[in-house]
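1. return atomic coordinates for the entry below.
(2 chains)
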2 protein chains.
Amino acid sequence: MVITNITFISRFESMKKPIILVTNDDGITAPGIRHLAKLAQSFGDVYVVAPDKPQSGMGHAVTINTTLFCEEVKIDDGCIKEWSCSGTPADCVKIGINELLPQKPDLVLSGINHGANSAINVLYSGTMSAAIEAGIEGIPSIGFSLLDFSYGADFKSSLGYLSKIISAVLENGMPPEVVLNVNIPKGDGVKGIKICRQAKSNWKESFVKRESPMGKPYYWLTGEFLNLDTGPNTDIEALEEGYISVVPTGFDLTHHQHLGTLKGWGL
Amino acid sequence: MVITNITFISRFESMKKPIILVTNDDGITAPGIRHLAKLAQSFGDVYVVAPDKPQSGMGHAVTINTTLFCEEVKIDDGCIKEWSCSGTPADCVKIGINELLPQKPDLVLSGINHGANSAINVLYSGTMSAAIEAGIEGIPSIGFSLLDFSYGADFKSSLGYLSKIISAVLENGMPPEVVLNVNIPKGDGVKGIKICRQAKSNWKESFVKRESPMGKPYYWLTGEFLNLDTGPNTDIEALEEGYISVVPTGFDLTHHQHLGTLKGWGL
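-> Okay, the predicted model is just below:
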């Protein structure tokens, strides 16, 4: 099934044209954000505020003790304005919303990331932290990631599905305190979309130890992703089966189930 | 009520001496981590792996595209070993567990942070990301923060309470997929400990725009914390009432309540 943008745009003809902020963590020139900015133009007026360099693995880092530079740039046609920013993905959302855009955006789109942000990776992801930052500000937002690290990854095959998800958010509005974590399997054989939960997982990590030419030891992080979840309806399961995973993602980290456990400790 | 460490140590005499990893985000020489490392020595064999420079606001950033340096240092007496690390707080936990310590620690303690990590600040906090990183690895962990940014903050008054919390974790074990976010009010009038939930909140932010001597515009982030939560039992409420807040904090970001909402979208 290939869904064209056109199918969905028509539903929004009666709506005010939304203001859309597009960002990412791979940097403003990455192919992923170029495809997303182009797609976003089908839905509204697009502003891009994105890092001037790759910021993968930056998590929810914010720049609080130093300055930020934001340079207006023109990379592709069709966006209202674009800014290349020296900060993190979360910084880009903060400065986009509060300083650069003419008004608060109606929607924030982050990505399309080169590489997965499913399962525990949501915590390390600059892409998802940008989306979450928008969610904290009460703005509907979606983080998109493709399970393909390569520069020349095929972002096009899934754009119809991405349109469908963006349309659904614009039509239904986002539930309060929810952002969407959307991961897309590699290849052109996507079977559809599944709403799912974050799989329990971690990384089995090790460090390669080497010595600099000056004799100083240094380390490189390496690791292997471990899916620890054998239950149903996880994002990892959906992706392995060839579906796009959509996880409603929140930012209240309270483990409500264990409030009672801790109260039983008699502290 | 002042609780001495002695009261609690005695309960653990029959236990194997735990291996404790201590880290923070303010840097290895900050007074907060010095107090925490000292306190931890009452409970077990202490190893410190902490950033070589302040890393506040680094969230769950990890170093994936460059090298890490870890230098063994001796700052205070009493620790088995200490390493000053070029990475983020989450990096310190990863490399501590997987490379530097002789075995997987039984407990990870992060802090004592200079400044609050209650409410939405948990997401931006390097202190809490270090604790969460340990939790992902299945290691009981606690992040401690004092609501006082100053270098000369009074960390001593609350050490008895911190002992009580550490003791409770060692006695009871940590519930699965839970880490503790502990925030401590400023001053010596702490009334006790409350188990509570993360308050809904955000930052009302603005950017100060200035011009460099070379005429290039730059920005400084400034902001005001907004508690948006009028419900009972929040960490902000506990702290305002003079209690230490303890929030059981998880890392499954799935907003389970809205899985059904999204399924209703017919994607």
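
2. who does residue A:82 bridge with?
-> Beta-bridge partners for residue A:82, by DSSP bridges, are residue A:48, residue A:73.

3. do I have it right that residue A:256 meets residue B:197?
-> Yes - in this structure residue A:256 lies within contact range of residue B:197 using C-beta atoms under 8 Å: 6.8 Å. Where you see a C-beta, it was placed from the backbone N, CA and C, and this is true even at glycine.

4. quick check: residues of the stretch 1-150 of chain A near chain B?
-> If contact is defined as C-beta under 8 Å from any C-beta of the partner chain, the residues of the stretch 1-150 of chain A in contact with chain B are A:54, A:56-65, A:67-70, A:88, A:90-91, A:94-95, A:98-99, A:120, A:122-124, A:129, A:132, A:136-137.

5. the longest helix along chain A - contacts with which helices or strands?
-> In chain A, taking DSSP state H as the definition, the longest helix is helix A:159-172. Under the contact definition 3 or more C-beta pairs under 8 Å, 6 or more residues apart in numbering or on different chains; DSSP states H and E, helix A:159-172 sits against helix A:5-9, helix A:31-40, strand A:107-114, strand A:141-146, strand A:179-184, strand A:192-195, strand A:243-249.

6. let's go with 10 Å and repeat that
-> For helix A:159-172, the contact count by 3 or more C-beta pairs under 10 Å, 6 or more residues apart in numbering or on different chains; DSSP states H and E identifies helix A:5-9, helix A:31-40, strand A:107-114, strand A:141-146, strand A:179-184, strand A:192-195, strand A:243-249, helix B:259-263 as packing neighbours.

7. distance to residue B:109 for these - can I get that in JSON lines?
-> Converted to JSON lines, these look like this (distance: least, C-beta to C-beta, whole Å):
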{"stretch": "helix A:5-9", "distance to residue B:109": "51"}
{"stretch": "helix A:31-40", "distance to residue B:109": "39"}
{"stretch": "strand A:107-114", "distance to residue B:109": "33"}
{"stretch": "strand A:141-146", "distance to residue B:109": "32"}
{"stretch": "strand A:179-184", "distance to residue B:109": "30"}
{"stretch": "strand A:192-195", "distance to residue B:109": "38"}
{"stretch": "strand A:243-249", "distance to residue B:109": "28"}
{"stretch": "helix B:259-263", "distance to residue B:109": "35"}
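
8. so for residue A:217, which of those sits nearest?
-> With C-beta to C-beta as the measure, strand A:107-114 is the member of the helices and strands packed on helix A:159-172 nearest residue A:217 (30.8 Å).

9. what mean pLDDT does that closest one have?
-> Averaging pLDDT along strand A:107-114 yields 97.

10. hang on, the earlier thing: of residue A:256 and residue B:197, which one has the most company?
-> residue B:197 (24 against 12; other C-beta atoms under 10 Å in any protein chain shown).

11. and the more buried one, how close does it get to residue B:164?
-> Summarising the geometry, the distance separating residue B:197 from residue B:164, computed by C-beta to C-beta, to the nearest Å, is 20 Å.

12. excluding its backbone neighbours, what's nearest the residue of the stretch 101-250 of chain A found nearest chain B?
-> Shortest the stretch 101-250 of chain A-to-chain B distance, computed as C-beta to the nearest C-beta: residue-wise this is residue A:250, at 3.7 Å. Spatial nearest neighbour of residue A:250, chain neighbours left out: residue B:255 (3.7 Å); criterion: C-beta to C-beta, 6 or more residues apart in numbering or on different chains.

13. got any residues that touch both of residue A:256 and residue B:197?
-> Overlap between the neighbourhoods of residue A:256 and residue B:197 consists of residue B:248, taking contacts as C-beta atoms under 10 Å, 6 or more residues apart in numbering or on different chains.

14. tally of neighbours for residue A:151?
-> Neighbour count for residue A:151, taken as other C-beta under 10 Å: 10.

15. show me the contacts for the closest residue in space to it that isn't next to it in sequence.
-> Counting by C-beta to C-beta, 6+ apart, the nearest residue to residue A:151 once its immediate chain neighbours are dropped is residue A:31, at 6.4 Å. Contacts here follow C-beta under 10 Å, 6+ apart; on that basis residue A:31 touches A:112, A:114, A:146, A:150-155.

16. low-confidence stretches in chain A?
-> By pLDDT under 70, the weakly predicted segments of chain A are A:1-15.

17. go with 90
-> Applying pLDDT under 90 to chain A picks out residues A:1-16, A:56-57, A:64-65, A:151, A:187-188.

18. give the bridge partners for the most centrally placed residue in it, please.
-> Taking C-alpha atoms, centre = their mean, the centroid of chain A lies closest to residue A:143, which sits 2.6 Å from it. Counting by DSSP bridges, residue A:143 forms beta bridges with residue A:110, residue A:181.

19. what's the neighbour count on residue A:190?
-> Using other C-beta under 10 Å as the criterion, residue A:190 is surrounded by 18 other residues.

20. look up how far residue B:79 lies from it.
-> From residue A:190 to residue B:79 the distance is 52 Å (C-beta to C-beta).

21. give me phi/psi at the residue of the stretch 101-250 of chain A closest to chain B?
-> For residue A:250, the backbone dihedrals are phi -110, psi -180 (criterion: degrees, to the nearest 10).

22. tell me the contacts of it?
-> Applying C-beta under 10 Å, 6+ apart, we find residue A:250 in contact with A:132, A:135, A:175-179, B:252-258.
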